[in-house]
Each structure stands twice: as C-alpha cells, then as structure tokens.
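In: compute the structure for the input listed below.
(2 chains)
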Amino acid sequence: MKKDKRFFGKTLMIFMIAFFYLPIVFMIIFSFNSSKSLTTFTGFSMQWYERMLSNSSMMESLYTTIFVALIATAISTLIGTISAIGLSKSKRVVHDVVMQINDFPIMNPEIVTAIGLMLLFITLKIERGLMTMLLAHIAFCIPYVILSVMPKIRSLDPNLADAAMDLGATPWQALTKVIVPQIMSGIFSGALIAFTMSFDDFIISYFVTGSGIKNLSIMVYTMSKRVNPSINAISTLVVVVITVTLLIVNLIPIIKEKSGLHKEEITPKKKGKFVLGGLVIAMVLSVFVLNRPATKGKYEGQTLHIYNWGEYTGENIIAEFEKETGAKVIMDLFDSNEQMYIKVANGESYDILIPSDYMIERLIQEDLLQKLDKSKITCLDLINDDVKGLPYDPNNDYSVPYFWGTVGIIYDKTKVSQEDLENEGYNIFKNQKYKGDIYLYDSERDSFMMALKALGYSMNTNDEKELKEAYDWLIDCVQTMNTEIVTDEIIDNMVQGRKAFGLIYSGDATYVMSENENMGFFMPESGTNLWSDGMVIPRNAKNVELAHEFINFASSFDGAYDNSSFVGYTSSNIEVMDELSITDFAGIDAYTPRSHNVNDEVFNYDEQTRKIISSYWSKVKIAASNAH
Amino acid sequence: MLLLPMLLIAVYSVVNTGNSIVSFTLTLDHFRKFFTDPDFLLILWRSIVIAVKTTVICILLGYPTAYFISKCKEKIGNILILAITLPTWINMLVRTYAWIGILSSGGIVYTILKFLGFGDVELLYTEGAVLLGMVYNFIPFMILQINTSLSKMDKSLLEASADLGANKFLTFWKVTFPLSLPGVISGISLVFLPAVSSFFIPKLLGGGQYFLIGNMIENQFITVGEWNFGSAISMIMAMIMMLSMYAVRKIEERNTGKRKEKRK
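Out: Below you'll find the predicted structure:
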C-alpha cells in the first residue's frame, strides 16, 4: 500500500516535470534549427543566435526586463510585507477594506489594470517610458506579495510578538527577530511571485510603456506574428542564465556542507540574496554585451523613434541607417492602424509613423501630422506615379509612400478550383464546399471591403443600409462557414497549406507564394482595395530633421530594395519594383499590383462610417467565436 | 496607486465621451448594451466556465504534486520546488508560443497521436489547446501556494492524530487538508483570476476566432476605440470576480471558525 502511494507520487511528479519542460526543451532544440520551421528539425545552425546578438533592440529588451523586474520585486516586497504586517495589527474593518482594495488589481483582468494605469498616467500627464513601467510593475506586484505573506501571518500565533516583548525585546526586535523569520517563507514566495509576474508581464507593460522602452514580452509579442526562431534563441539564453544562477545558488551550500567547513542551513532569505546576486551579475553581463562601439556620424547621439507595422522592414536597413547617420533607431511595432492611432492620439511621441491611406487622411484631418519640408525630401522622383498624389494626400504634402498593394484571395491550387474563384469572386467565402477550410483577415476595413464588393457596392459607401447588408453577409459567412479569423498567422499557415484559401494582403501573398509554389493569388473582378502605407511625421515629433533623412533613406534604391525583397510587399520605388518583379519575385503576380480595374478603389476616411464598421466588425468576430 | 486606476475605469464606464474626460454625460447605456446582447453574455459565460475548468484541473493535479513534495526530504523538496518555479521565470508568451509548434499538425504530439492510430486530430486552435495553455501557465502558482501551507504545517499534529487512532486517510481529511486550505484558497485566486481574464493564451492557442472576455475588452480598447464600453465590460467583470472571491473567502472563514471552536 505504502509503496503504491510512493509510486503514484513519483509518476505524477515525473509527468508534471515532463509537462513543464516539454515546451522549454522544444524551444531550445528549435533555437538551433537551420530552417524557420517550428515542426521539423532540418539541421544544426547558430544563425538565430547571430541574429539575436546583432539585434540591439532585442538585447536591450532583455536588459529592461531584468532591470524592471529586480527593482520592482525589491520595492514591492518591502512595501507589501510592511503593509501585510501592518494590516494584521490593524482593526478588522480597516483590514477588510484594505484587503478588498488590495484585491482590485488581482481581481481585475490584467488588461483592465493596464488600461486603468494608462489612463492614470495620461491624466497626470506623466510621460510614458521606463519610469511608468517601473511604477506600474511595483503597483501590480504589491498585492501578490501581500496575498502570499498574509496566510503566513494569519497562521502565526498573535501572542508571539507580545511574548517577545514580555521577554524584553523592543517592538523592532520583536518584528525582525521573531515575526519576520517566521513568515520568511511567505515573503520569499511573495518575492518570487512578484519577480515572476514582473519578468513575465506583457499586458500592463504594453500599455504603460512609451518612448520605445520594451521588455522581453513586448518584444516577443511584436515579433511572434511570423515564425522567428530568434525568439527561441533569446529565450534559451534566459533559460541558461537562470538555470546556471539557480544551480550555483543550490550547489554552493551542498559543497560547503560536504567539505564540512560550514554547516549552515540555507534559509530562504539567503537563497533570495543569492538569486538576486546572480541576476545582478547577469544584468551587468548583459550591459557589457550591449556596449557596442559607438558609431560616428552627423547625427551621433540622436534617436529616431519609428512606429511601424510588425515585420515591415528589411534585414539591414536599420543598421545601415544607423551606420550612415550615427543616430540610434528605436522602432515600435503595431498591428493595426487603429492601435497606432490610439497611441498617437494620446500624445505618444514618434518621429515617423507608417500608417495606411485612410489613416493618413484621418491624421491630417485631426491635425496630428506636420507638413513635410519638401526641400529636404529628395526622393519623390523615385516613387511610382501610381501611388503618388492619391486622394488622401493629393500633393504628397504629408506622406511619402512606403509599400503599396492590393487585397486578394490566397488559395491552394490543389484544393480550390479556378472556376469557382472566377465565377463567385468573394462569394466563394460562402461556398459550402470549403466549409471549415477558410481564413478571414482580422481587419475591419478589408473585411467590409470584401463584403461590400461581393454585394456590388462601393467600399467607400456611407449608406447605412448597404453597410448593414455587408454586416449580414459577414455574419452569414462566419455562422455557416466555420471560419477562422486571423491576422499575420495566415502567412505561416498558408505557407504550410493548412487551409484552402483566405483573404490576404498582396505583399503577404507574395511571401507565401515564394515559399510554397502551390499557392495562387486571385483578385476578384468586382474590385479590391488599392492600399498604400506612407511615411509621415507627426506634429509632436522630436527629431524632424532625422525623420526627413530616414524618409529619403528608406525610399532610395538600396533601402527600398532591402525592405521589399525581405518582406515581400511591393515597393513604392519604381525601379525596385521593376527589378524585383523579374528577379526575386518573378512569376509571382501578387507582387505587381493590378491597375486600371474600374472597380478598384482607395479607402477614404469618414468618422461616422468608421464607427459603424468598427462596432459591426467586433460583433462579427464575437459571432464567429460563438459559432464554434 | 491601486485604487485610482479602478476609479478612473468606473468613471469611464458610466459616461459618454470621446477619448477625453473634459466633456461628458452620465449614462448607463454601456451596461445596458452588454446585458441585452446574448452574444456578449455567452462569451462571459464561456470565460467563466473555462476558468473554472482550469482551476479544477490545477487543484486536481497541483494538490497531489504539492503533497508529494512536502513529503519528500527537505533537500529533494527544495530541488523539486526549484524545478517547478524555473519554467515560470521564462516568459509566458514564449512558453505559450512553444506550444504552437508542439500542437500544430506535423508537430510532435500530432505525430505521436497519429502513430497511435488516432488519425488526423486537430489540436491547435481548439478549446482543449486553450485549456492546456492555461493549466500550463497557471498551475505552478497553485503548487507553490499549497506547498507553502503544507510545509509550514506542524508535523507533530500528524503523530497526534495517529496516536488518537485516526488512520491515514482520516488524518489527511481531518488534519492536513483543512490546514492547507489557506494555500488552496490563495492558489485559486492566483489561477482563477488570470484565467478568466487572460487574452493572449486564447489568442495564440485558440486562434483568432476564439473569444474570451479578455479578448473582448482588449478589442474594445485597442481596435474599436470605445473606451467607455470597454470600461463597462471591465466593471461588470470586476464585480463578478469580487463577488465570487468574497464568497470563497466567506467559506474559508467559516471553516477556520469551526476549527477554532473545536479546538476550544
């Protein structure tokens, strides 16, 4: 009987350990993979580590994460423990009320705490950056410390302190010599949770950060849209550092014990010190790694803040630009125009934004952009006439096009018949033959474009009846077709041929087709969205001069070539487009946007329509979710 | 610092504004909008159900694990605790991200299942995957909390219980379990609450169409830009959470109260 129990326990333990470590082992193995695949190991390679080391923002994010976690843990553990002890001594009413307040941040979705803190910082007009991130982390760690110290204190004999003082201890001694050692394991586990929480935190950091300060989570989140094994590499590095630190912490006492020099029990407190010490060493090391030789140039010491789409720049362009100008580039990434707008409208300062057409129109309307200094813009002649002088910015006073393209259907030629596509256009998204085998793209504009075009309307309609019809079209689609609504995941999924077809941007289609030759790109006759993303300078930019410099650099042949060949989106530089359409992307029709289809349109901005589409689309997504 | 953000959200949830606080009118429309729409309510319900499932699984797996650890020799116990905490130090997003590779078709679990004759099983982008991701991410908190309260338990109580004629099961049920309850309770708070509100686990493992209440709030704030409605949803959720935790706490208090009486 007893043996049975041990056996059960051991099996469970082994199972749990395997469960905990499977993803980590997996991650480490694939950080050495020679290809991008996450499912098949194709050979050993160190390339992802090289990429990681050469990526300064990745290393910096690691440093930020450790720095914030250490400081936040130290301060929140101190405050949390003191409050917990204080609370246990205070009146029941006070205790209960404070505990309820303490629970607010824990009981709330993290995202709500995040928004709350963001609103707070905005209201108090504190510029968001490292400081706000630190404050936020301290704030959300304290409740966890209190929560884990509290049960310890509650299980203490309340007479303990009195006993100590009866025996002649001062209140301070009673606290430090009697109470604290008794609750040390609670404090330690509180500190551990605080550290873990802070180290891991994504949502709160994401909302309260600014000025390009990123922690590891934000970094990973912005990079994880496309398979990027550098993430595995940097995670492996973290694993190694933490494992080594913890091993040292645990081995030292064992060695000491064996050699008989010291026979001291490792108290959790000591352990905590060791952990902290180790992490400080790790931090110093990472600073050392970061200390790359400074580059010399005209703009040395200056910083350019760019706010761009994820996976939207070439491999070398940023490094080249830094080399040429001596300036430092910090790039933040967004995954929708709306997300970008909210940050910018709330006063976040950037030097360059790269939004889409209708959003540029909105930013101009709301006076959030400044006019370009045409005397400093030397690149306009290089830009394709097809993307110049579009209605949202007729004279290119505010914007220089970056990428452009269309929206169409990416489809697996082995699964989808050409005939269906041609006969049905966008209505193929409601063909029961393909039920459960399609992707929608999580963009309110382009989903409504698809529905409106399928119904034969203009995608710029502001007729509420037509919009409602489009809404019904989409609702019908998600309820009968078992759709999956994705964003950039569609890229990898289509490369691997997971589904028959989906709505996609032409640039992503180019990439997919260059990776998987079974894929085709189709633009229905009923029309599509001729979109373009342009570089603009917001009104509150801090480094206008350098921003102009960057616009020229990114539009030049070399810069644009690097961008376009790496990402797959169509370059606005006409020479680059012509060159790539006969070299890298030869035979891939998605790369060259079609022109002269009368049904194709460019989006314009209308606040009223945006609101309608926005709330309709969130309802479509919810309906899709509930249809499963 | 703790209260102010909540107050701001509370204010936001009952007013009608753009994104500024300057001009506003008082309204309860946002709450009405939520409660009159069956789709929203369904999502709320689903989020709670999946969080309850996560919590139950975490207790069922976590309690025996913590119990086993507390029975080990101290040195081994420490190592095991370390083994459990170590993964939590690695970024949650990264670990969740790794599951995508494991679960996706062509991945290791998929291959094993296929080899065992289960055929083509869709693992990724299912509710099961979301559940797995949640249990994986949150169970260490449960184990640590339970273990903390088990390990600080006075071992002589067990002997006393045995001396008084209780068998092992009775000792566990009447002595060990009640004493470890505070740990279980704080474990539940640390698992249930983040599980209800988590939004990137469903996003990564459930696919883009798997919506929980957290995703809905995120959506309102980030893409729709209706902060007032988003705040209202948050308030509703905060209320539900607070009530449920209050209930749990009351139950716990009653239990400890009973025990104290018995001791007398």
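In: mind listing what the residue in the stretch 101-250 of chain B that chain A sits nearest to touches?
Out: In the stretch 101-250 of chain B, no residue comes nearer to chain A than residue B:197, which is 2.8 Å away by Cβ to the nearest Cβ. Where C-beta positions appear, they are placed from N, C-alpha and C, glycine not excepted. Residue B:197 sits next to A:108, A:109, A:110, A:111, A:112, B:47, B:213, B:214, B:217, B:237 when contact means Cβ atoms under 8 Å, 6 or more residues apart in numbering or on different chains.
In: can I get stretch A:530-547 as CSV, trimmed to CA atoms?
Out: Taking Å, rounded to 0.1, in the frame of the first residue of the first chain, the C-alpha atoms of stretch A:530-547 are listed here in CSV:
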residue,chain,number,x,y,z
LEU,A,530,-5.8,49.6,-53.6
TRP,A,531,-4.0,50.5,-50.5
SER,A,532,-0.7,52.2,-49.7
ASP,A,533,1.2,52.8,-46.5
GLY,A,534,3.1,56.0,-46.2
MET,A,535,5.8,57.6,-44.0
VAL,A,536,4.5,60.6,-42.2
ILE,A,537,5.9,62.9,-39.5
PRO,A,538,3.6,63.5,-36.5
ARG,A,539,3.2,67.0,-35.2
ASN,A,540,4.9,66.2,-31.9
ALA,A,541,8.0,64.6,-33.5
LYS,A,542,11.1,65.4,-31.6
ASN,A,543,13.6,64.8,-34.4
VAL,A,544,12.2,66.2,-37.6
GLU,A,545,15.5,66.6,-39.4
LEU,A,546,16.5,63.0,-38.9
ALA,A,547,13.0,61.9,-39.8
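In: lowest-scoring secondary structure element of chain A by mean pLDDT?
Out: Ranking every helix and strand in chain A by mean pLDDT, DSSP states H and E puts helix A:268-290 at the bottom, with a mean of 56.
In: mind listing what's buried along the next helix or strand after it?
Out: Following helix A:268-290 in sequence order, the next helix or strand is strand A:303-309 (DSSP states H and E). Neighbour counts over strand A:303-309 (16 or more other Cβ atoms under 10 Å in any protein chain shown) mark A:304, A:305, A:306, A:307, A:308, A:309 as buried.
In: between the two ends of stretch A:330-348, how far is it?
Out: 14 Å (Cα to Cα, to the nearest Å).
In: that one: which residues count as buried?
Out: A:330-345, A:348.
In: and these, which of them are in strands?
Out: Counting by DSSP state E, the part of those found in strands is A:330, A:331, A:332, A:333, A:334.
In: just give me the closest of these to chain B.
Out: Closest to chain B, out of all of those and judged by Cβ to the nearest Cβ, is residue A:334, at 9.4 Å.
In: so what's the closest residue to that closest one other than its chain neighbours up against?
Out: Distances taken as Cβ to Cβ, 6 or more residues apart in numbering or on different chains place residue A:340 nearest to residue A:334, at 4.3 Å, with adjacent residues excluded. Residues in contact with residue A:340 (Cβ under 8 Å, 6+ apart) are A:307, A:334, A:353, A:355, A:359.
In: next one: residue A:340 from residue B:67, what distance?
Out: Using Cβ to Cβ, to the nearest Å, we find residue A:340 at a distance of 50 Å from residue B:67.
In: next: residue A:332.
Out: Residue A:332 is 47 Å from residue B:67, by Cβ to Cβ.
In: and what of residue A:445?
Out: Taking Cβ to Cβ, one finds residue A:445 at 55 Å from residue B:67.
In: repeat for residue A:551
Out: Taking Cβ to Cβ, one finds residue A:551 at 63 Å from residue B:67.
In: so those two - more neighbours on which side?
Out: residue A:551 (25 against 19; other Cβ atoms under 10 Å in any protein chain shown).
In: Three-state assignment for that one, please.
Out: helix (DSSP: H, G, I helix; E, B strand; the rest coil).
In: got the contact list for it?
Out: Residue A:551 touches A:352, A:372, A:377, A:379, A:400, A:535, A:537, counting by Cβ under 8 Å, 6+ apart.
In: if we ignore the residues flanking it in sequence, what's nearest the fourth one?
Out: So that's residue A:379. Closest residue to residue A:379 apart from its sequence neighbours, by Cβ to Cβ, 6+ apart: residue A:555 at 3.6 Å.
In: count the neighbours of that neighbour for me.
Out: 25.
In: who's in contact with it?
Out: For residue A:555, the contact set (Cβ under 8 Å, 6+ apart) comprises A:379, A:382, A:383, A:400, A:402, A:572, A:573.
In: which one of those residues is nearest to chain B?
Out: Among the contacts of residue A:555, and counting by Cβ to the nearest Cβ, the member closest to chain B is residue A:402, at 21.7 Å.
In: for the strand or helix carrying residue B:51, buried residues please.
Out: Per DSSP H and E, residue B:51 falls inside helix B:38-71. For helix B:38-71, the buried set under the neighbour-count rule, 16+ other Cβ under 10 Å, comprises B:40, B:43-44, B:46-48, B:50-51, B:53-55, B:57-59, B:61-70.
In: do the same with stretch A:364-382
Out: Those would be A:364, A:368, A:369, A:370, A:372, A:379, A:382, for stretch A:364-382 by 16+ other Cβ under 10 Å.
In: now the strands for chain A?
Out: A:303-309, A:328-334, A:352-353, A:399-405, A:407-412, A:438-441, A:484-486, A:501-505, A:519-522, A:531-536, A:570-571.
In: of those strands, flag the one that's most buried.
Out: strand A:570-571 (a mean of 30; mean count of other Cβ atoms under 10 Å in any protein chain shown).
In: that strand - contacts with which helices or strands?
Out: strand A:399-405, helix A:506-515, helix A:557-567, helix A:574-582 (3 or more Cβ pairs under 8 Å, 6 or more residues apart in numbering or on different chains; DSSP states H and E).
In: which helices and strands does the last one pack with?
Out: When you say that, I think you mean helix A:574-582. helix A:557-567, strand A:570-571.
In: list of residues touching it?
Out: A:382-385, A:557, A:560-561, A:564-565, A:570-571, A:591-592.
In: next, the angle from that helix to helix A:506-515.
Out: Here the directions of helix A:574-582 and helix A:506-515 differ by 30 degrees (axes from the mean of the first three to the mean of the last three Cα atoms, to 10 degrees).
In: just the pLDDT at the nearest residue to residue A:122 once chain neighbours are set aside, thanks.
Out: Nearest residue to residue A:122, sequence neighbours excluded (Cβ to Cβ, 6+ apart): residue A:346, at 5.8 Å. The per-residue pLDDT reported for residue A:346 equals 76.
In: still on that earlier bit, give me the subset of the buried residues of stretch A:364-382 lying in helices.
Out: Per DSSP state H, helices hold the following members of the buried residues of stretch A:364-382: residue A:364.
In: need the buried residues of stretch A:364-382 in TSV with distance to residue A:140 and pLDDT, can you?
Out: Listed next are these as TSV, based on distance: Cβ to Cβ, whole Å; pLDDT from 0 to 100:
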residue	distance to residue A:140	pLDDT
A:364	38	93
A:368	31	93
A:369	35	94
A:370	37	94
A:372	42	93
A:379	45	89
A:382	49	90
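In: widest-spaced pair of the buried residues of stretch A:364-382?
Out: A:368 and A:382 (26.7 Å; Cβ to Cβ).
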